[in-house]
Each structure stands twice: as structure tokens, then as C-alpha cells.
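Undergrad: with the input below, show me the fold.
(chains A and B)
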Amino acid sequence: MFITFALITLLGALAMLLQKNVIVAGLCMVATFFGVAGLFVLLGNPVAAALQVIVYTGAIMVLVLFVIMMLNSHEEEKAEASRPVQRWVSLALVAALALGSVKLVLASSGVKALNLNGAALPRATTLQNVGAALFADHLLGFEVVGLLLLAAMIGAVALTKRNL
Amino acid sequence: MDKFASLLHLTPAILWMVIKVVIVFAGVMSLAAIFTWVERRGSAMIQDRIGPNRAALFGKIRIIGLAQILADGIKMFFKEDLIPTDANRKLFWLAPFLAFVPALMGFAIIPFGKSFVSGGVSYHLSVLDPGNGMGMLYPLAIGGMAVYGVLVAAWSSNNKWSILGGMRASAAMVSYEIGMSLAVVSIFMTTGGYDPSEIIGTQGHLPWNWNIVHQPLGFIVFFTCLFAETNRLPFDFAEGESEIVAGFNTEFGSMKYSLMALAEYSHMMTASALIATLYFGGWQVPFVKDPTVMLSVACFLVKLVFFAWVFVWIRWTVPRFRYDQLMHLGWKVMLPMSMGNLVFHAWRMSQGH
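TA: Presented below is the predicted three-dimensional model:
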């Protein structure tokens, strides 16, 4: 199961990068999001999977595709003259990022707990747990994010509608 | 059950799963097919016509034209399968499936009957067993996927009318999703859980304890938003004969068109099942405290068919909206109503009711 979802995620991401057609690339990204949602289910967190599908595939990607269709540009813009330096720098940066994240995961307390306790079947996260965690442990962060999103929303409306 | 399972070299759990999947998907698909006929007969009834009543099995058995479904299916299969030259062929093939699969998948979470215990094992009458952690978030997630069918169909046929129809429909679907989700959230709140079996359990068997009585405002919002979500009249902006031909499925013919149409009706079935589950007690039989399994399934089916009929009824009674009216209704009426409903119930709960 893990292999299936991981393959969907990786192949979707790869296809998205290699695809010339913007809409098809967007649909490949949808496949990637589905793969990630599947991985969330395997990790015993169906709530995150459902929210992933609702928010990312159901709303954000739809709006992205919507905008692409609205502008109706069938072809990608031509790339500028390629600079080989860019490719090497990006490769080095990606390698550093991958190494860092792997190191971070291996050093995390969760992995240590897994070593001590063995892989006991995790209890599935429920919506109640998520709500309690948000409003009890992370209340300040939650409110700040809410305020930030509100400000972004008002800013977007103010920018697009000149005469309110 | 155990004997049958060992005959097939399966465990009872897997056999039960297979049976459930077959029952649910075959049931929803055949109900959807029957409703293509019910829609035509219903429209005829409302408009004082007769409707399709001539198709007959072997030229003899008429059964009030019910054989029309078979005739339509055969006709669709034998039609030439055309793809426009400028269409994106792969996406054009994919689009009907993208429309059809989410329409069927949404039904998987809905308990269509009472759970029963046989041989010490309890069997649940829903494809996804209760306590899976997804609960009613699942139909919301899958419902959001329905937009892709319309969008991909519209874009891949590379046709102005299709794209116009697809854009209008997807904008409407995305805007109405918010109001709908908030209405569902207030049900989560009063239930104290988000699993459909919990929602049905707390509603009980007495009709005045059902959510329709407690949250009439939420019901109105949810019900209205479902029309936009399923792309049914009075909100069917994916199509529009007088403006954009057939909208997103202008270029689709033969079985591809048929799949698109079936997707719409499957959506209708899932939507009716959601209404029944969330607001009308699901499989609970009114005034019967402990119904038998068959009775509960029958009661659920009656509710489902009734709401599906309401969809047909409204389609042929209420005139279409204009597009700006639709957006106005969605953002300025439905969303505030839904928020008001949520805040009101939160306040009532905080007062200890």
C-alpha cells in the first residue's frame, strides 16, 4: 500500500514537472495530492487525509486550473537562455534540503519512541482530537493564522476592486 | 455467511466487503439509471404530457415504458464515438470517468441500514465501517472532486461553449461548497461526532428529534447548496441550451455522454442519501424503536427515492436562475445564513441546551 501511494505521489510530481501542457500538469498535481492523502491514511490520520483532499484538491487546485483556463494560455512561455550554473546550484540545494530533512526525521523524538516501543498500531486521529489540540494547545497560533488569512483576504479584495 | 465464505476461500470479512461494494455500487447505478426514466416521466406528468411509454421488452412487455432505460443504453453503445479533431484526446477520454467515479464513491460512507450481529461478528451496512476517522468529511472531500469531471470535460473538448459552461459550473460548485460545509459543521457540533452512524444514532427514531426539526435553517442551506453541487436545475450552469448549447458536454457523444448523464444522476442519489442521513434520521424508521434490518433498509430507500424525486420535482417547477443571481444567492444569502446557523447553535450549546 505504501509503495502504491508513494509511487502515485512521486510519479505525479515528476509528471507535473515534465509536462508541457499546463492543465495536464495541474491534473498531475491533483494525483500527487491524492497520493499524499493516501499516505496520511496509512499514517493513521484520516482527518488530515480528508482535509488534504477538501482543501488542496477540492479548492486550491480547482481555483488554479480555473485561472489557467480563464487566461486560456495553451502553451508555456518560452524559457530564457539556459544557464548551466542554475541547474548545478539547484541540484546542490535540493541535495542539501533532502539530507537535512532526512537527518531531522531520523533525529526526531517520534523515531526514538518507535525504537523503544516498537511499531504499535497507532490510534487514528479524530476530528475531536484535532479541534482540542487547535483550541487548547495552539490557540495563539490558530488566532494569528486566522488574522493573517483575514488580512490577506481583505487585501486581495482591496487590490482587485478599485472602487468599493 | 461463514460457510459461503469458506466455499469461496475467503474470510467472512472480505466476503462481506465484496457483497457490500457490489450492493452499493450496483444499487446506486441502477437507481441512477431508473431515475433517467423517472425524470422524463415526471417532467411529462408535470407538463401534462405522457412521456416515454412505448419501449417494450421483446415488443410485448411494456411496464409503463421502463424498458426505455435498456433501449437508451443499447442505443448509446452502438452510436459512433466521435472525438473532435482539436480536442485533447487523452483528457477527452478521461473526463467521463472523472465525472462518474466521484459520483459513485461518495456513497461509500453512507449507512444504508441498521448494523447487525451474526455469529458474534457485527456487520455494518456501509462500505466504510463506522469509526474509520473520515466520517462525513469523506463525502465533502469526494464531492469537491466532482468539479474535475466538469472542468476536464470542458477544457479537453477545446470549444468555446464548453469552456464557458465548465467555468460557470466550477465557479458555482466551489462557491456553494463553503455554505454547505458550514451547514454540515453545525450538525457535527450538535451531534458531538462526525461519523454518520453517530449522527443517525443521536437523531433517534422519533421524527421530532431529527435534525430537520432542530436545524431547519441548516437544512435549507444544505438542500439549496446540493442543487448547485449536483448541477441540477435551477442552478444548472454547466449547460444552457439557449446560450452555450449543451455546455461542458457539447462535444460528447455515445457512451461518453451517457456516462456524464449517469454521473449527474448518481450525484443526485448520493445527495439524497446525504440529506436523509444528516437531517432525516438515515435508516431510522419513524416510531419503531428497534426495526429489523430489512425494514431499516427499506425505510432508507424510501427516504432516498423521495428526495431524489424532490430533485426531479423542483427541476420542472422552479425556473432557472441567472448567473449573477446564483452568485448573489450563494455568497450573500446562503453563506451568511449558514454562518448564522452555526453561531446560533454554538450559542445554544454554550447555554447548556
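Undergrad: what's B:Ser170 sitting at in phi/psi?
TA: phi -70, psi -40 (degrees, to the nearest 10).
Undergrad: below-threshold pLDDT in the chain: ranges please.
TA: Looking at chain A here, since you left the chain open. A:72-82, A:114-124, A:163-164 (pLDDT under 70).
Undergrad: hmm, no, I was thinking of chain B.
TA: B:1-3, B:5, B:353.
Undergrad: and if we set it to 90?
TA: For chain B, the stretches flagged by pLDDT under 90 are B:1-34, B:36-182, B:188-218, B:225-264, B:267, B:278-300, B:315-334, B:348-353.
Undergrad: show me where it has its helices.
TA: For chain B, the helices defined by DSSP state H cover B:2-7, B:12-46, B:68-78, B:89-105, B:137-156, B:160-191, B:196-203, B:211-214, B:216-229, B:241-244, B:254-279, B:293-315, B:323-328, B:335-350.
Undergrad: and chain A, which of those helices is closest to it?
TA: Among the helices of chain B, the nearest to chain A by CB to the nearest CB is helix B:137-156 (2.4 Å). Placement of C-beta: from N, CA and C, glycine included.
Undergrad: that closest one close to chain A?
TA: Yes - Helix B:137-156 lies within reach of chain A by CB under 8 Å from any CB of the partner chain, at B:137-138, B:140-145, B:147-148, B:151-152, B:154-155.
Undergrad: what of stretch B:217-228?
TA: No - if you take CB under 8 Å from any CB as the test, stretch B:217-228 misses chain A, and the best it gets is 14.1 Å.
Undergrad: find the nearest non-adjacent residue to B:Ser122, please.
TA: B:Ser115 (5.7 Å; CB to CB, 6 or more residues apart in numbering or on different chains).
Undergrad: and the one you found, how many neighbours?
TA: 16 (other CB atoms under 10 Å in any protein chain shown).
Undergrad: is it in contact with B:Ile200, as I believe?
TA: No - with contact defined as CB atoms under 8 Å, B:Ser115 does not count as touching B:Ile200 (10.4 Å).
Undergrad: list the residues that contact the closest residue to B:Met334 other than its chain neighbours.
TA: Of all residues not flanking B:Met334 in the chain, B:Gly179 sits nearest, at 4.0 Å (CB to CB, 6+ apart). Listed by CB atoms under 8 Å, 6 or more residues apart in numbering or on different chains, the contact partners of B:Gly179 are B:221, B:225, B:330, B:334-335, B:337-338.
Undergrad: go again using 10 Å as the cut-off
TA: B:Gly179 sits next to B:221-222, B:224-225, B:228, B:329-331, B:333-339, B:341 when contact means CB atoms under 10 Å, 6 or more residues apart in numbering or on different chains.
Undergrad: buried subset of those residues as a ChimeraX selection?
TA: Filtering those down to the buried ones (16 or more other CB atoms under 10 Å in any protein chain shown) takes a single ChimeraX command:
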select /B:221,222,224,225,228,329,330,334,335,337,338,339,341
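Undergrad: burial count for the closest residue to chain B within chain A?
TA: Ranked by CB to the nearest CB, the top residue of chain A for proximity to chain B is A:Gly58, at 2.4 Å. The number of residues packed near A:Gly58 is 26, by other CB under 10 Å.
Undergrad: and it, how far is that from B:Leu140?
TA: 8 Å (CB to CB, to the nearest Å).
Undergrad: find the residues that touch each one of these two.
TA: Joint contacts of A:Gly58 and B:Leu140 (CB under 10 Å, 6+ apart) are A:51, B:177, B:181.
Undergrad: highest neighbour count among those residues?
TA: B:Glu177 (23 neighbours).
Undergrad: sorry, back to before: among the residues of helix B:137-156 next to chain A, which one lies nearest to B:Val245?
TA: For the residues of helix B:137-156 next to chain A, the residue nearest B:Val245 by CB to CB is B:Ala154; the value is 12.1 Å.
Undergrad: for B:Ala153, see how far away the nearest residue to that closest one once chain neighbours are set aside is.
TA: Closest residue in space to B:Ala154, ignoring its immediate chain neighbours: B:Gly166 at 2.3 Å, by CB to CB, 6+ apart. Distance from B:Gly166 to B:Ala153, counting by CB to CB: 7 Å.
Undergrad: can you give me the neighbour number for B:Pro207?
TA: B:Pro207 has 14 nearby residues by other CB under 10 Å.
Undergrad: could you find the closest non-adjacent residue to it?
TA: B:Pro286 (5.0 Å).
Undergrad: please apply the same query to B:Trp313.
TA: Per CB to CB, 6+ apart, closest to B:Trp313 is B:Gly42, 6.9 Å.
Undergrad: how many residues are close by that neighbour?
TA: Neighbour number of B:Gly42 under other CB under 10 Å is 18.
Undergrad: one more: the one 10 residues further on?
TA: When neighbours are counted by other CB under 10 Å, B:Pro52 registers 18.
Undergrad: list the contacts for it?
TA: B:Pro52 neighbours (CB under 10 Å, 6+ apart): B:36-37, B:40-41, B:44, B:64-69, B:71-72.
Undergrad: returning to that earlier point: the residue nearest to B:Pro207 contacts B:Ser296, doesn't it?
TA: No - taking contacts as CB atoms under 10 Å, B:Pro286 lies outside contact range of B:Ser296: 11.5 Å.
Undergrad: quick one, which of those two is more surrounded?
TA: Ranked by neighbour count (other CB under 10 Å), B:Pro286 and B:Ser296 place B:Ser296 first, with 24 against 13.
Undergrad: backbone phi and psi for the residue of chain A closest to chain B, please?
TA: Dihedral angles (degrees, to the nearest 10) for A:Gly58: phi -80, psi -30.
Undergrad: which ones are touching the nearest residue to B:Gly240 once chain neighbours are set aside?
TA: Distance criterion CB to CB, 6+ apart; nearest residue to B:Gly240, sequence neighbours excluded, is B:Gly247 at 5.9 Å. With contact taken as CB under 10 Å, 6+ apart, B:Gly247 is in contact with B:150, B:153-154, B:159, B:161-169, B:231, B:236-241.
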